[in-house]
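Chemist: Take a look and give me a structure for this.
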Amino acid sequence: MAPTKTIETLTLEAAQAAAHACATHSKAINVPMNIAVVDASTHLLHFSRMDGAKLTSIHIAIDKAFTAAGHRVPTSTYKEAVWPGGAAFGIWNTNGGRFSTIGGGVPIKNSRGEVLGAVGCSTGTPAQDEEVARAGVEAVERLLKGEGRERAKL
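Modeler: Modelled structure (predicted):
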C-alpha cells in the first residue's frame, strides 16, 4: 500500500464558477448573500459578500462550507438532531465552535461520491441559503460533466 494519497479537490476556477452561480440565483430570489467555497480539506478557496448581505453572516457562511465539506453532508442534515435529547445535541461546540447546524452548507462531490469541497451561503433563511448554495454545487457538477465551458481542471 502506498504511503500517500492524492486527493481530488476544487480549483479556484471551479470555486469562482460556484460563487457566480450562487450570486446569480441570489439575485433571482432578491436575497443578497455571503458566499463561501472551501476545498476538500475544508480550507477557504473563495469568498464573496454581495452588496446588502449581512455582515454578521460572513463567518456563518464560511463555517457552513467548512462543516459541509468536513462532514460530507449538507448542514441541514442536523436540523432535527441538535435539539436537547437529540443524537447530535452539542455538536455545534466542536471544531472550535465552527460546526454549523444551520441549513446553507452543501458539499460538492464527484461521480464517486468523494467530497471536492463545499459551498456555504448565509444571509437569508436557512432554506434560502441552502437553495442558493445548491445553485453553486450544480454549477460545479455541470463543469464536471463537461457542460457549458470547456471542462475545468478540478
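Chemist: At which residues are the helices of this structure located?
Modeler: Taking DSSP state H to define them, one finds helices in the chain at 12-28, 58-71, 126-144.
Chemist: Deepest-packed of these, please.
Modeler: Mean neighbour count (mean count of other C-beta atoms under 10 Å) peaks for helix 58-71 among these, with a mean of 25. No exception for glycine: its C-beta is placed from N, CA and C like everyone else's.
Chemist: and the strand ranked longest in the chain, what other elements does it pack with?
Modeler: In the chain, with assignment by DSSP state E, the single longest strand is strand 115-122. If contacts are counted by 3 or more C-beta pairs under 8 Å, 6 or more residues apart in numbering; DSSP states H and E, strand 115-122 sits against helix 12-28, strand 34-39, helix 58-71, strand 105-109, helix 126-144.
Chemist: unless I'm mixing things up, residue 31 is touching residue 124, no?
Modeler: Yes: in this structure, residue 31 is within contact of residue 124 by C-beta atoms under 8 Å, at 4.1 Å.
Chemist: Mind listing the shared neighbours of these two?
Modeler: Common neighbours of residue 31 and residue 124, counting by C-beta atoms under 8 Å, 6 or more residues apart in numbering, are residue 132.
Chemist: Check the burial of residue 80 by counting its neighbours.
Modeler: Neighbour count for residue 80, taken as other C-beta atoms under 10 Å: 11.
Chemist: Contacts only, for it.
Modeler: residue 86.
Chemist: next one: phi and psi at it?
Modeler: phi -90, psi -10 (degrees, to the nearest 10).
Chemist: do you know how far it is from residue 18?
Modeler: Separation of residue 80 from residue 18 (C-beta to C-beta, to the nearest Å): 27 Å.
Chemist: try residue 31
Modeler: In this view, residue 31 and residue 18 are 17 Å apart by C-beta to C-beta.
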